[in-house]
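**Student:** show me the folded form of this:
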Amino acid sequence: MTKHLTVVDHPLVQHKLTLMREKDTSTAGFRRLLREISLLLAYEVTRGLEMTTRWIETPLCEMEAPALDGKKLALISILRAGNGLLDGILELIPAARVGFIGLYRDPETLKPVQYYCKVPSELEDRMVIVVDPMLATGNSSVAAIDLLKEKGAKNIRFLCLLAAPEGIERMAEAHPDVPIVTAAVDHFLNEHGYIVPGLGDAGDRMFGTK
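**Tutor:** Model (predicted):
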């Protein structure tokens, strides 16, 4: 494991994750739970945002009050499943800039291939939060972060719902400077690359596809 790994063990996070794992949870229920859990995870991943103070006037007096500093943070969704986490975080941080990275796995090489990339400008001046529900092999996550660093991002965090030990190790090797925030670390990857016990394919369960 890595010292940059944070497992959010809040009771509400763990309870909602259990409901999401259940195979009989409906598509609508899965979406709702993912949105709710992403709000809770967002509190943890945004710790360390730059702060300043500004003078405001309350109904009683003036005061110097804390406020966010610097450029708006950037949320980067790894398509398509990342959009489920993205929606919830945007409820909490509606002013965030948003980007998308599309990757698919080449069936022969099993390596990620980029098919889409559109991200905000001035990434070097923003906290960048990459979201994808599952950190399985870690190959897609590493490729996405490679792209973001090429575009200037320096302060990057990775947010996922579930992580496998294999994915955490791969990320630690490739990007030891990128903290990982997750709700759980599961046991292993099966021969098809699914996290066990996991919750199945997050994208399929979110969008009702097979």
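
**Student:** max-length helix in this structure?
**Tutor:** In the chain, taking DSSP state H as the definition, the longest helix is helix 27-45.

**Student:** can you list contacts of it?
**Tutor:** 6, 8, 10, 12-13, 16-17, 19-20, 25, 84-89, 91-93, 129, 131, 133, 157, 159, 161, 181-183, 202, 205-208 (CB atoms under 8 Å, 6 or more residues apart in numbering). No exception for glycine: its C-beta is placed from N, CA and C like everyone else's.

**Student:** and if you look at stretch 105-115?
**Tutor:** Ile101, Gly102, Leu103, Tyr104, Asn139, Ser140, Ala143, Leu147.

**Student:** which of the contacts of helix 27-45 are buried, as a ChimeraX select command?
**Tutor:** In ChimeraX, this line selects whichever of these come out buried by 16 or more other CB atoms under 10 Å:
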select :6,8,13,16,17,20,25,84,85,86,87,88,89,93,129,131,133,157,159,161,181,182,183,202,205,206,207
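
**Student:** just the ones of the contacts of helix 27-45 in strands?
**Tutor:** Of the contacts of helix 27-45, the ones assigned to strands by DSSP state E are Thr6, Ile129, Val131, Arg157, Leu159, Val181, Thr182.

**Student:** and those, which two are furthest apart?
**Tutor:** Thr6 and Val131 (14.7 Å; CB to CB).

**Student:** from the contact counts, what lies against the one helix or strand Leu148 maps to?
**Tutor:** Element membership for Leu148 (DSSP states H and E) is helix 139-150. Contacts defined by 3 or more CB pairs under 8 Å, 6 or more residues apart in numbering; DSSP states H and E place helix 139-150 against strand 74-79, strand 97-105, strand 112-118, strand 127-131, strand 155-159, helix 165-174.

**Student:** excluding its backbone neighbours, what's nearest Ile78?
**Tutor:** Spatially, and ignoring its direct neighbours in sequence, Ile78 is nearest to Asp132 (4.0 Å; CB to CB, 6 or more residues apart in numbering).
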